[in-house]
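In: Mind looking at a prediction? Sequence and model below.
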Amino acid sequence: QVQLVESGGGLVQPGGSLRLSCAASGRSTRNLSLGWFRRAPGKEREFVAGISTSGQVKNYADSVKGRFTISRDDANNTVVLQMNSLKFEDTADYYCKAAQTFARAISPASGGTDSWGKGVLVTVSA
């Protein structure tokens, strides 16, 4: 399994931007689909964004469309989530996920050979 470590979280004002990175180790990300998820306080983990192995297919939750962008850099085994126009409701722990299929990469469920990072906190506050 691949090991994932998120970084880039922090405190930001509404309307601001943050760039989350997820670094993979243990194996190449080239043949893995990748996703970002979040869990807000008192809520279930939810899908945020996913990207296919080729990078050609991207999927976003309705709540972040037009504001967040997912990208991948397989040369550096990294997946990035660029978050713009942040809102109070974006406050959450953010997790990256690696999976063998795109369907699994965008599913909040865990199983099989899926890998998860430990998460990074994003706080949107004035």
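Out: Perfect, thanks for sending it.
In: Grab the nearest non-local neighbour of S63.
Out: E89 (7.5 Å; C-beta to C-beta, 6 or more residues apart in numbering). Bear in mind the C-beta positions are built from the backbone N, C-alpha and C, glycine included.
In: What pLDDT does the model give the one you found?
Out: Looking at E89, its pLDDT stands at 97.
In: Run through the residues that contact the residue nearest the centre of the chain.
Out: The centre of the chain sits closest to W36, judged by C-alpha atoms, centre = their mean, with a distance of 2.1 Å. The contact partners of W36, by C-beta atoms under 8 Å, 6 or more residues apart in numbering, come to L20, C22, V48, A49, G50, I70, V79, L81, Y94, Y95, C96, K97.
In: do A126 as well
Out: Applying C-beta under 8 Å, 6+ apart to A126 gives the contacts Q13, P14.
In: Please report the distance of it from K87.
Out: Distance of A126 to K87, given as C-beta to C-beta, to the nearest Å: 11 Å.
In: Find the residues that touch each one of the two.
Out: P14.
In: in which helix or strand would I find the residue nearest to the centre of the chain?
Out: Under the criterion of DSSP states H and E, W36 resides in strand 33-39.
In: Dump that strand to PDB, keeping only the CA atoms.
Out: What follows is strand 33-39, C-alpha atoms only, in PDB (Å, rounded to 0.1, in the frame of the first residue of the first chain):
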ATOM      1  CA  SER A  33      -6.800   7.100  -8.800                       C
ATOM      2  CA  LEU A  34      -6.700   9.800  -6.200                       C
ATOM      3  CA  GLY A  35      -9.300  11.700  -4.200                       C
ATOM      4  CA  TRP A  36      -9.800  14.300  -1.500                       C
ATOM      5  CA  PHE A  37     -12.300  14.000   1.300                       C
ATOM      6  CA  ARG A  38     -13.200  16.000   4.300                       C
ATOM      7  CA  ARG A  39     -14.900  15.600   7.700                       C
END
